[in-house]
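Asks: Compute the structure for the input listed below.
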Amino acid sequence: MTLSLTFHGGAGTVTGSCFEVQSGARTILVDCGMFQGLKELRQLNWEGPRYDPKGISAVFLTHAHIDHSGLLPRLVREGYNGPIYATGPTRELAEILLRDAAKLQEQDAEYANRKGFSKHQPALPLFDSGDAEAALSLFETLPFGKVLDSPEFSLQFHQAGHILGSAFLELRANEEEGHTVVFSGDLGRTERPLHLDPEPLPRCDTLLLESTYGNRTHDARPLAEQVRGPFRRVLQRGGTILIPSFAVARAQLVTVELKRLMESGDLPLVPVHIDSPMAVDVTRLYQENVGSNQLDKLPGGLFPPGTRLHRSVAES
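Replies: Numbers count the residues shown, from 1 in each chain. Sure, this is the predicted structure:
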């Protein structure tokens, strides 16, 4: 049997990650992400898949970020009814992110109808909360390191170190002389204070490697070292520091680094406010999944002393 691979996103652009793998009678998807960014990219979400959702046997989700998971509700809406395999933490994180994505879709459609912005009457969401719940009901946990066998494939998740629960996927074809393909998903960096290091790459015949930062050299200094001077100057003159941040992984990393700086005396003890319901919910998952991150190595937990969590506009 011939092993074939089709790119439906995540190639030629950063978002919309979705790879179709076919061998014999079995077809699987690796990720099913939403296109994000420019209008021309977002419009791709409405074009529908270039494959039959009812013909897909299974979906393997490398991690919960919307550019990898965000079209799962749409996939289910269009007829997919098979399993969606993910690690346990990814499954929990997807509950937060997919429900939020559906809510945003519904709010955008309602706003467009109320203001008359849409050329479609009525404007409809890409998917709704019912679709998100239907997708979440199909999730099945595949722990790191456990091999899932089928007549066509053997599949296994490995630690990717990107966000909570993130994995890269090793696929071994049971024909084709055991041809092995690795899908990197999104890879994290080593020696970070919050996430586990990525596992070493297994031997493979074909590697699909993400390259979001492939043309960029990261600052090798720890984040705490990069921000210590500017933050200290602002606080010394009585200022307030506002830190825009993604709610998943970045917000938690920022709190860890602030905690380090305050405990070392590099920054004074000042109030820290996390003003994001999603960031609060995601932080709870980090705290509940200590074995999937490095919180057990942080004495006193994730937060600087006196941190306040805000879940509503009134609290803000």
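Asks: quick one: the closest residue to P277 other than its chain neighbours from D275, how far?
Replies: Among residues not flanking P277 along the chain, R311 sits closest, at 4.6 Å (C-beta to C-beta, 6 or more residues apart in numbering). Placement of C-beta: from N, CA and C, glycine included. R311 sits 9 Å away from D275, going by C-beta to C-beta, to the nearest Å.
Asks: what does S166 give?
Replies: On the measure of C-beta to C-beta, S166 and D275 end up 25 Å apart.
Asks: When these two are compared, which one has more neighbours?
Replies: The neighbour comparison of S166 against D275 (other C-beta atoms under 10 Å) goes to S166, with 30 against 16.
Asks: Can you name the residues that contact the more buried one?
Replies: Counting by C-beta atoms under 8 Å, 6 or more residues apart in numbering, S166 makes contact with T62, H63, T87, T90, Q159, A160, G185, D186, G188, H195.
Asks: how about TSV for those, with distance to L44 and neighbour count added?
Replies: Output for these, formatted as TSV (distance: C-beta to C-beta, whole Å; neighbours: other C-beta atoms under 10 Å):
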residue	distance to L44	neighbour count
T62	20	29
H63	21	29
T87	27	26
T90	24	30
Q159	31	20
A160	25	26
G185	20	30
D186	20	23
G188	27	19
H195	30	23
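Asks: on that earlier part again, my guess is the residue nearest to P277 meets V280, correct?
Replies: Yes. Using C-beta atoms under 8 Å, R311 is in contact with V280, at 5.6 Å.
Asks: Pretty sure T27 sits in a strand.
Replies: Yes. Counting by DSSP: H, G, I helix; E, B strand; the rest coil, T27 is located in a strand.
Asks: In the sheet, which residues pair with it? Tell me.
Replies: The partner list for T27 in beta bridges (DSSP bridges) reads Q22.
Asks: Could I get the contacting residues of it?
Replies: Contacts of T27 (C-beta under 8 Å, 6+ apart): E20, V21, Y51, G55, I56, S57.
Asks: Name the helix or strand for E170, please.
Replies: Assessed by DSSP states H and E, E170 sits inside strand 167-173.
Asks: chain center to whichever helix or strand comes after that strand: distance?
Replies: Going down the chain from strand 167-173, the next helix or strand is strand 180-183, by DSSP H and E. Strand 180-183 sits 20 Å away from the centroid of its parent chain (C-alpha atoms, centre = their mean, to the nearest Å).
Asks: got it, and stretch 236-249?
Replies: Using C-alpha atoms, centre = their mean, the offset of stretch 236-249 from its chain centre is 22 Å.
Asks: I would like the residues contacting it, please.
Replies: For stretch 236-249, the external contacting residues (C-beta under 8 Å, 6+ apart) are 64-65, 93, 97, 162-164, 194-195, 231, 234-235, 251, 254, 276, 278-279, 282.
Asks: quick one: the strands in this structure?
Replies: 3-9, 18-23, 26-30, 58-60, 84-86, 139-141, 147-149, 153-159, 167-173, 180-183, 206-208, 273-275, 308-310 (DSSP state E).
Asks: Tell me which residues touch R221, please.
Replies: Counting by C-beta under 8 Å, 6+ apart, R221 makes contact with nothing.
Asks: Number the chain from 39, please
Replies: From this message on, residue numbering opens at 39, which makes the last subject R259.
Asks: So what's the predicted local confidence for it?
Replies: At R259, the model reports a pLDDT of 82.
Asks: helices or strands up against the strand holding E208?
Replies: strand 191-197, strand 218-221 (3 or more C-beta pairs under 8 Å, 6 or more residues apart in numbering; DSSP states H and E).
Asks: Pairing partners for it, with directions?
Replies: Using DSSP bridges, the strands paired with strand 205-211 are strand 191-197 (antiparallel), strand 218-221 (antiparallel).
Asks: How about the longest one, which residues are buried there?
Replies: Within strand 191-197, the residues scored as buried using 16 or more other C-beta atoms under 10 Å are F191, L193, Q194, F195, H196, Q197.
Asks: can you redo those residues as a markdown table with pLDDT?
Replies: What follows is these, written out as a markdown table (pLDDT from 0 to 100):
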| residue | pLDDT |
| --- | --- |
| F191 | 91 |
| L193 | 97 |
| Q194 | 98 |
| F195 | 98 |
| H196 | 98 |
| Q197 | 98 |
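Asks: got TSV for the residues you listed, with distance to P240 too?
Replies: Listed next are the buried residues of strand 191-197 as TSV, based on distance: C-beta to C-beta, whole Å:
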residue	distance to P240
F191	15
L193	12
Q194	9
F195	12
H196	7
Q197	12
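Asks: biggest separation within those residues, which pair?
Replies: Farthest apart among the buried residues of strand 191-197 by C-beta to C-beta are F191 and Q197. That separation is 20.4 Å.
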